[in-house]
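Asks: structure of the sequence below:
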Amino acid sequence: MRYTVGVDVGGTFTDFVLHDRTGNQVSAWKQLTVPGDPVTGILTGIDGRASHEEIANFRIGTTVATNAVLERSGAVVAYITTRGFRDVPFIQRGNRRFHYDMNWVKPKPLVKRRHCFELTERLNYKGEITTPLDEAELREIAARIKADPSIGAVAICLLFSYLNPAHEIRARDVLAEELPGLPVSTSYEVVPKWKEYERASTTIADAYLKPIVASQMREMKRRLEEGGQTAPKAVIKSNGGETLPEAAADFPIHLLVSGPSGGVIASRFLAETTKTRNLVTLDMGGTSTDVATVVDGKERFTTSFEIEWGVPIQIPMLDIRTIGAGGGSIAWIDKGGMLRVGPQSAGAAPGPACYGRGGANATVTDAHVVLGRISPANFLGGKMRLDVEAARAATKRLADRLGMSIDETAVAILRIATINMIGALRSVLVEGGFDHRDFVLAAFGGAGPTMAADVIAEMGISTAIIPHNPGQFSAYGFLHTNARVDRQRTLMMTSRDFDAARAAALMQVLIGEGVDELATQNYSSDLEIACRLDMRYQGQNYELELEVPPEIVGPEGAEGLWQAFHDAHRARFGFDNPGETIEIVTFSTVVSARTVHPVSPRLKTGDLAPVPRSRREVGFARGRVDTPIFWRDDLLASQRIDGPAIVEEAASVTIIPPGQNLTVDPFGHLVLNTDG
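Replies: Residues are numbered from 1 along each chain as shown. The predicted model follows:
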């Protein structure tokens, strides 16, 4: 078994990276995604690349959960909750996205009110049963659900079940008797945390995804094995860890940002390799752009993800923001006569006009083709020839309406796309309290390198790194993925009534659950364990996450625990309140096992200036310029290229505009500089 295969199933392309363990060689390629049938794209892409018997395992990132939520194509969900709390998913929160927009409408939840049912039962805030579960009423609810053939899954979220799951577990078992085969999600198993609305929203989303994800996981595994691909298969979770397809089907909410997580994991490795302290990532594909940060060499996590503004998902995942801006984003003119780009996308079918598949709308990719930035003969390494005239015709239709030339319109399309991406980058940096000048941009995805130079120039970042195989960088990240299990549980304590024994026992339970789940994936040795507490001063509305050694939660470490929080609060906010009561809200653990990773080889150093393979007229902001064209595989470490220039490779193109330069680092990464 010599190969590990990383597969990233995107909306336009399916990306492949193959790691040959025997020689530490990595190869990468792309295959057009088959809309509605991702398995065909995987089978077609892998065919002939490696013998079935030599593949040790697959690691697959999928957008099935993401697309189901964004397109609202999941299952019809029945929601069961404590009597009196039926409307929680619809009341949501009292805040608004736009305070002064009278036309703003709350996002719709993933459940309809007519499918919400109230159950007689009650626990108090200590988890004590005050009203027993009415089992007869539950069976009546089950009969009503059974009578509605449209319902495809059930979500159960009962009050204070995160403290005592007895009623939820019993309700789940009764439904299994009454509704055999119908998927059921319970809040205790999905997200055993406080905050009623967030818990309900997350549990409903898990049930919403369960039928479609379970079906695709079964279908993917079956068809891959029928196609001869019998090697073990792992699916990448939103936290950057891997899991078995069966486990992914049980808790599909953990796949919500499966595909984009690979790019963040690979960026962490990139930061480590290049000794870069802080990276902000720009993962631009055909349909969307994902941005994230790597700070002090570590990726950042969140439990505050939102499907739409106001529809939260509270599971541990990499902190990734997504916007509808990709190479396939469509340029259009609004009612006011202004040029806009995205969020609509041409997708894989028909795709941009230049694909020659019937697309009639101008896209970001078409703008690059019109300006000569992308060679029509070298797209995907020459496997797909682009139609320049179709791209020009689509752009001309916009140009005529705007009263501009074709080149001016193409430049405007790219400028607007750049501004869209800068908005996403600033949101992830400003909200994290970071100064963009302290960061280096990591640009990847098939379209990322084409936009990197414009983004750093416009934003005021001095440097961008274009890594190896940028078009398949997320799939490459899957080769660096570790097995990882996150566990969390709300148990509120304060520094005045801290029960050290109970706290230590809960932490050990969470660690044990993580260890047991990794054992099902055949990881049982060299495990790494991290413990965290969400803490705050009493009266505060938000918690500060504090990583702590397991022993500090026990009886011997309590004083050190409170002091550690004071120190962390002062470091984050500039002050602390010694003597103030501190609350512990949530306990969480991360149990991980390191897998086999590729090692970056060093590139041979080049003493002479690189020689271009060709030249062509390329359009920039100030007009067309005779521009040298380099091939990336020809470049050696320490070589420098001054703009204007273009560096081509099989799955992407790096643009070096006038006034910028590019150098090749010792590992072959391309480093764009704006400061000369």
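Asks: off-centre distance for the longest helix along the chain?
Replies: In the chain, with assignment by DSSP state H, the single longest helix is helix 196-226. A distance of 16 Å separates the centroid of the chain from that of helix 196-226, by Cα atoms, centre = their mean, to the nearest Å.
Asks: can you name the next helix or strand after that helix?
Replies: Downstream of helix 196-226, the next assigned helix or strand under DSSP states H and E is strand 233-236.
Asks: pull the CA atoms of that next one into CSV?
Replies: C-alpha atoms of strand 233-236 as CSV (Å, rounded to 0.1, in the frame of the first residue of the first chain):
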residue,chain,number,x,y,z
LYS,A,233,-12.3,5.7,2.9
ALA,A,234,-12.4,8.7,5.3
VAL,A,235,-14.6,11.8,5.0
ILE,A,236,-13.2,15.2,6.1
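Asks: next, count neighbours for Arg96.
Replies: Around Arg96 there are 12 other residues, counting by other Cβ atoms under 10 Å. Every C-beta, even on glycine, is put in place using the N, C-alpha and C of the backbone.
Asks: check Ala214 too.
Replies: When counting by other Cβ under 10 Å, one arrives at 18 neighbours for Ala214.
Asks: do Ser462 as well
Replies: Ser462: 15 surrounding residues under other Cβ under 10 Å.
Asks: strands of the stretch 351-500 of the chain, residue ranges please.
Replies: Residue ranges of the strands in the stretch 351-500 of the chain, as given by DSSP state E, counting those that start in this stretch, are 440-444, 463-466, 483-494.
Asks: need these in a markdown table (columns: mean neighbour count).
Replies: Rendered in a markdown table, the data for the strands of the stretch 351-500 of the chain read as follows (neighbours: other Cβ atoms under 10 Å):
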| stretch | mean neighbour count |
| --- | --- |
| strand 440-444 | 28 |
| strand 463-466 | 23 |
| strand 483-494 | 20 |
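Asks: tell me the angle of the longest helix of the chain relative to strand 483-494?
Replies: Helix 196-226 and strand 483-494 are oriented at 170 degrees to each other (axes from the mean of the first three to the mean of the last three Cα atoms, to 10 degrees).
Asks: okay, buried residues for helix 196-226 please.
Replies: Residues 196-214, 216-217, 220-221, 224 are the ones in helix 196-226 that count as buried (16 or more other Cβ atoms under 10 Å).
Asks: of the strands of the stretch 351-500 of the chain, which approaches Glu135 most closely?
Replies: For Glu135, the closest of those is strand 483-494, at 26.4 Å, according to Cβ to Cβ.
Asks: mind giving me the packing neighbours of that closest one?
Replies: The helices and strands touching strand 483-494, judged by 3 or more Cβ pairs under 8 Å, 6 or more residues apart in numbering; DSSP states H and E, are strand 242-243, helix 500-520, strand 582-593.
Asks: mind checking the SS state of Asn57?
Replies: Classification of Asn57 by DSSP: H, G, I helix; E, B strand; the rest coil places it in strand.
Asks: from now on call the first residue 404
Replies: Noted, 404 is the first residue going forward, which turns the last one into Asn460.
Asks: check contacts around it.
Replies: Thr407, Val408, Ala634, Pro635, Lys636, Ala637 (Cβ atoms under 8 Å, 6 or more residues apart in numbering).
Asks: all helices of the stretch 754-903 of the chain, in order?
Replies: With DSSP state H, counting those that start in this stretch, the ranges of helices along the stretch 754-903 of the chain come out as 767-773, 791-805, 809-833, 851-862, 876-882, 903-923.
Asks: closest to Leu582 out of those helices?
Replies: Nearest to Leu582, of all those, is helix 903-923, at 26.4 Å by Cβ to Cβ.
Asks: please state the offset of the closest one from the chain centre?
Replies: Put simply, helix 903-923 sits 27 Å off its chain's centre (Cα atoms, centre = their mean).
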